[in-house]
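Peer 1: starting from these lines, generate the structure:
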Amino acid sequence: WEKAVEILDGMSLVEVELDTITFNAAISACEKGIRWEKALELFKCMARCGLEPDTFSFSAAMSACTGGGMWEEALELSRQLLQSTVEPSTASLNAATSACEEGCQWKKALQIIGDMMQSKVEPDSRTFAAAVGSCNKAGAWEVPLQLLSAMMQRKTEADAITSSALISTCAKGGEWETALHFIGMMAQNNVEPDTSSFISAISACEKGHEWERAMQLFNAMVQSKVET
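Peer 2: Numbering: from 1, shown residues only. The predicted structure is shown next:
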């Protein structure tokens, strides 16, 4: 990231015209280097240079802030994005829901998903995974089951991260049947359940007094040779 910023500064000194692509590259470099302060500084500098940030600018800056633990700044950027004339993308709003997960802001995550649907931006598995994660961190385990309904209506396939988060939710609510459903779905989609998924499903069965099913899951975990 330091080299990218150095090149950008050098271009400015020799009066080379800076454009959005150049700034985006520098902001992205800061994101990868977890330098949220510099990423935010460059983002604000775009306006001073008469340049309008695009969806990638917002996405990279939000990801940099979230990566640096500054989820509030990331959510402020998402607010600016939705109020701007820039057309948001799934990636840019996923950066916003990731910030919600970091800050346990599950209500805000649901709001962002609602905004996505209204603006005809399609949520993907990562969107739902971050929203479910924010609910789980905040202890609002009932809400992700509603998100599951939205996922099924939109025919969004749950990947390993989303499925694991939903199975964790099922464990907290004792929803053993739903947990087993997700384990089955993962197999159908050729997604290998990890240790966390198995343990959460076993916990859900335990709370539902389904001891035999819990043992079946344990045996399946051992046979699948996942790390325990």
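
Peer 1: helices along this structure, start to end?
Peer 2: 2-13, 20-32, 36-48, 55-67, 71-83, 90-102, 106-118, 125-138, 143-153, 160-173, 176-188, 195-207, 211-224 (DSSP state H).

Peer 1: tabulate those in CSV, adding columns for mean neighbour count.
Peer 2: C-betas here are computed from N, CA, C, even on glycine. What follows is the helices of the chain, written out as CSV (neighbours: other CB atoms under 10 Å):
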stretch, mean neighbour count
helix 2-13, 13
helix 20-32, 21
helix 36-48, 18
helix 55-67, 26
helix 71-83, 19
helix 90-102, 25
helix 106-118, 19
helix 125-138, 24
helix 143-153, 17
helix 160-173, 24
helix 176-188, 18
helix 195-207, 22
helix 211-224, 14
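
Peer 1: Throw those helices into TSV and include mean pLDDT, thanks.
Peer 2: Formatted as TSV, those follow (pLDDT from 0 to 100):
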stretch	mean pLDDT
helix 2-13	53
helix 20-32	88
helix 36-48	90
helix 55-67	93
helix 71-83	92
helix 90-102	92
helix 106-118	89
helix 125-138	87
helix 143-153	76
helix 160-173	81
helix 176-188	83
helix 195-207	90
helix 211-224	91
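
Peer 1: so what's the nearest residue to Trp211 once chain neighbours are set aside up against?
Peer 2: Using CB to CB, 6 or more residues apart in numbering and skipping residues adjacent in sequence, the residue nearest Trp211 is Cys205, 7.4 Å away. When the contact criterion is CB atoms under 8 Å, 6 or more residues apart in numbering, the partners of Cys205 are Trp176, Ala179, Leu180, Trp211, Arg213, Ala214, Leu217.
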